[in-house]
Every structure is written in C-alpha cells, then in structure tokens.
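Asker: The following block contains a protein sequence and its predicted model.
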Amino acid sequence: MPNQIDVLKDKCIGCGLCVKMCPFGAISLAERPEHPRKLKLAVIDVHKCTFCGSCVEACKKISAVRMIKEEPINLDIDTSHYKGIWIYAEQRHGEISPVVYELLNEGGRLAKALNVPLSAILIGHSIETKANDLIEHGADKVYLYDDPIFAEFQDDPYSDVLSHLIEKEKPEIVLMGATNIGRSFASRVAAKIRTGLTADCTGLDIDLSTRNLMQTRPAFGGNIMATILTPRHRPQMATVRHKVFRPAPRDATRTGQVIKISVDTSQTINRTSFLEFIKDTTAKVNLSDADIICSGGRGLGKPEGFKLVEELAECLGGAVGSSRAAVDSGWIPYSHQVGQTGRTVSPKIYFACGISGQIQHLVGMGSSDVIVAINKDPHCPMMKAATFGIEGDLYDIIPWIIREVKKVRGLA
C-alpha cells in the first residue's frame, strides 16, 4: 500500500502549526465558509509532500493529521531462481546499434564463465530478419517483439514489455548499451522490476563464488574506477559504453532459437506520442565508428571555429567531435560531444583542437591509438596525454595541416 496522508476535517481547527512546520511548503490553509465557526482547513499538496511526518508531530495534541506509511518491502530474493545473460539488442529503423555486437562478445564471455545461455531481446517492427544476425554474432536465443507499436522507440511500451519478460523468464544479468536510448530505457526497466542499475560501465567480470556481476565504471569525475556489486537483487543490470569491448565476430554456421512473442497492445499504456524523427545532418561520418576524429573545444573561441575543424575532418575522411564546453556554448549539437556525458570513442587518430583535457573528456577518448593535441598551453592535461603535442595558435596550425594533407593526396 502506498503512503497516504489525510487531514481530518472534524478535528482540524486551522491553527496553522502544520503549515509552519512543513519544510517543503506542501500545506496551506483554505477557507471553510460552511464551518459553524468559519475555521480554516489545512490542505496538503500530495505532489510536494515527502511524508516526513513533521505535520503529524506539530499536530500531536489535536491529532488532525493522519499518515499511513508504506510498509517496507523486503527486496532480498532467492538468486538461484535467476539464470542466463540477456543483451538488449537496440535498433533504430531496422539497424542494430554497433554496441550490441560488443555486448554479445562480452556477454558470451560472461555466459561461458557462468555456463548459461546468452539471449538477445529484439524489439521493433519489421525486424524479424535481424534475429538471425544476432544469433550469428553469438546469441543462443532471441526473444522477438515485432509489432507496429514498436516502430519508433518510446519509453513506455518498450519498458513495459521488457520488464514483464524479465519477471517471467528471470535472467540473472541484463546488459544494455549506454546510448541515448539505453540510458533512458534501462533506468525505467530497473525501477519497474525493483533492481539495481550501474550506468556507463567500462568493465565487467564475474565473481564465480557468488555469481555476482562485477560492474566497473568511472566515479568522482573519472578520478577513480569503482566496482559495483548487486548481491541482493536480480537481475543485475548495467549499461555499457560503446567502444569499450571488441565486437563479436560473425559466424554464419551458428544456429539458435528465435522466440516470437505477441503483444496485447490494448493493454499497453503510452503517455507520449511520436511526432517525427529528425536526423542530424551535420554528422557526415558516424562519430562512434570513425577511425579519425577531429574535435574542437573552448579554445576555438567562437562557433565559426568549427568550420575549420570540419574542413580538417573532411580532408582526413574523419568525423567531427567536440568538448562539452563547446556544446554548452551552443556552437555544435550534443550528438558530437565526446566525454563522460557524451560519446565514448576509440579512433585510430584523435585530434584535440583547443581542448584543455578535463578528466571528463579524457575518459571518453583516452583509449585512442594516437592523440594529437593542438593547444597554446603546453601544460594542459590534453598536451600531457597526447602522443603528439603541437603548441601554438590552432588558427595557424590547422590550415597548415590541411594544406599538407591536400598536397599528399593531390588535392591542392
């Protein structure tokens, strides 16, 4: 039973003590013209109330406020009832997200250690042909939801079907990509099934003695790496950053089971309406998959500076990235942001143009094979992390690099 709080009209004298004591401003006094003595009535706004009990304490002598608190739920469960590892196979318009293949590879390693099957959950519309692709990349089973209601990702219908399936089949581990969809979706599912969720993991392992998933992620701005356990709850849920693990190789000889599940859409609650999908046309190359990334930061000094960064990326055949400072300044869309609160990338070459190299940014690109930093400050963190550091004005250096690249390629 949820928390409840009431004001007993026959006892309330409108003294206002509860109003003064409420730390959240959730109580007000309303006129009662119908009252024989015209006494006011305390009214509680349940949307502001936190059920702290201050009003009950203030009204102790009169006892006009009655509160019934929710009984604590014992979340300890029998973990032996949960078996198997699940990967959420995120897709958009029929295209499987690259992070899914990375999760299938890492999930396969964990499943082998636990001696359990690896399953993929595929939700969408007209996507049945993708089920075999997941099997060829390591899935033993694919749970398939194929219905027009899932044509576009929306939190409510997607989280409803996945949480119901989890409660029915009881996997012990559920992994998702730390994408825009995954970050929104995973938390809703975890809340529905009352389990824990570790976000943005960069490492996974298994404690074989307890079957606990060891979920490692950056903490305190990336200054330490924390390993988190979920010993008393199942399933154990985590989102994993793209480019952290290697993608699973395709094996066309693999076979598996596709389990088609029908949905009673009349019972599905959806509080939002899909209007339109607007593609980011500024990204000529997918940032997550690019071998070369040219990123700009606050050191550009102005939004027009990204035209120079874009020109460098274009002549190199790379993608354009940015620091959070540039995104926050409105110089470039969020989809280009690299770092702890943006994309995690691991290109062969990363150009950091006017980026000081705060730890939040380094977390997102530190695994790049080669880092080229262009900055006026030779002592900034990015210059120290760089494979090659070029000290100077980027407005002189980048045009020079562009000219030299074009000469080599015969484009000058």
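Answerer: Cool, got the structure.
Asker: Every contact and neighbour count from this point should use C-alpha atoms.
Answerer: Will do.
Asker: need the helices for the chain, in chain order.
Answerer: For the chain, helices defined by DSSP state H occupy the ranges 17-21, 54-58, 98-114, 129-136, 155-169, 180-193, 305-316, 324-328, 359-365, 381-385, 394-408.
Asker: out of those, nearest to residue 5?
Answerer: Comparing the helices of the chain by their distance to residue 5 (Cα to Cα), the top pick is helix 54-58, with 9.5 Å.
Asker: just how off-centre is that closest one within its chain?
Answerer: Its chain's C-alpha centre lies 39 Å from the corresponding centre of helix 54-58 when counted by Cα atoms, centre = their mean, to the nearest Å.
Asker: swap in stretch 101-121?
Answerer: Relative to its parent chain, stretch 101-121 has a centroid offset of 20 Å by Cα atoms, centre = their mean.
Asker: pLDDT averaged over that stretch - what is it?
Answerer: Averaged over stretch 101-121, pLDDT sits at 95.
Asker: related to what we said a few turns ago, which one of the helices of the chain has the lowest average pLDDT?
Answerer: Per-stretch averages of pLDDT across these put helix 359-365 at the bottom, with a mean of 85.
Asker: Give me the contact list for that helix.
Answerer: Residues external to helix 359-365 that are found in contact with it (Cα atoms under 8 Å, 6 or more residues apart in numbering): 221-223, 323-324, 338-346, 350, 382.
Asker: Most neighbours among the residues you listed, please name it.
Answerer: residue 323 (30 neighbours; other Cα atoms under 10 Å).
Asker: show me what contacts that residue?
Answerer: Taking Cα under 8 Å, 6+ apart as the definition of contact, the neighbours of residue 323 are 295-298, 337-339, 355, 361.
Asker: Make CSV out of those residues and add distance to residue 404.
Answerer: Compiled in CSV, these are given as follows (distance: Cα to Cα, whole Å):
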residue, distance to residue 404
295, 19
296, 20
297, 23
298, 25
337, 27
338, 27
339, 29
355, 23
361, 28
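Asker: The helix or strand bottoming out on mean pLDDT in the chain: which residues count as buried?
Answerer: Taking mean pLDDT, DSSP states H and E as the measure, the helices and strands of the chain show their lowest mean at strand 65-68, namely a mean of 83. Along strand 65-68, the positions that meet the burial threshold by neighbour count (16 or more other Cα atoms under 10 Å) are residue 65.
Asker: Can you give the contact residues for that strand?
Answerer: Counting contacts by Cα under 8 Å, 6+ apart, the residues outside strand 65-68 that touch it are 3-8, 12, 51, 53, 55-56, 59.
Asker: gap between residue 54 and residue 22?
Answerer: Look at residue 54 and residue 22: by Cα to Cα, to the nearest Å, they are 6 Å apart.
Asker: Look at these two and report which has more neighbours.
Answerer: Legend: neighbour count by other Cα under 10 Å for residue 54 and residue 22, higher for residue 22 (20 against 15).
Asker: Spit out the contact partners of that one.
Answerer: Residue 22 makes contact with 54-55 under the criterion Cα under 8 Å, 6+ apart.
Asker: List just the nearest of the contacts of residue 323 to residue 116.
Answerer: Of all the contacts of residue 323, residue 116 sits closest to residue 339, with 34.3 Å by Cα to Cα.
Asker: Kindly state the pLDDT recorded for that closest one?
Answerer: 86.
Asker: Make sure it is actually in contact with residue 325.
Answerer: No - no contact is recorded between residue 339 and residue 325 when judged using Cα atoms under 8 Å, the distance being 10.8 Å.
Asker: what bridges to residue 373?
Answerer: For residue 373, the beta-bridge partners are residue 352, residue 389 (DSSP bridges).
Asker: so it makes contact with residue 388?
Answerer: Yes - taking Cα under 8 Å as the definition, residue 373 is a contact partner of residue 388 at 6.4 Å.
Asker: quick one: which of the two has more around it?
Answerer: The neighbour comparison of residue 373 against residue 388 (other Cα under 10 Å) goes to residue 373, with 29 against 14.
Asker: how close does that one get to residue 381?
Answerer: Residue 373 sits at a distance of 10 Å from residue 381 (criterion: Cα to Cα).
Asker: what comes into contact with stretch 127-147?
Answerer: Looking at what lies outside stretch 127-147 - Cα under 8 Å, 6+ apart - the contacts are 94, 96, 101, 104-105, 108, 117-126, 248-263.
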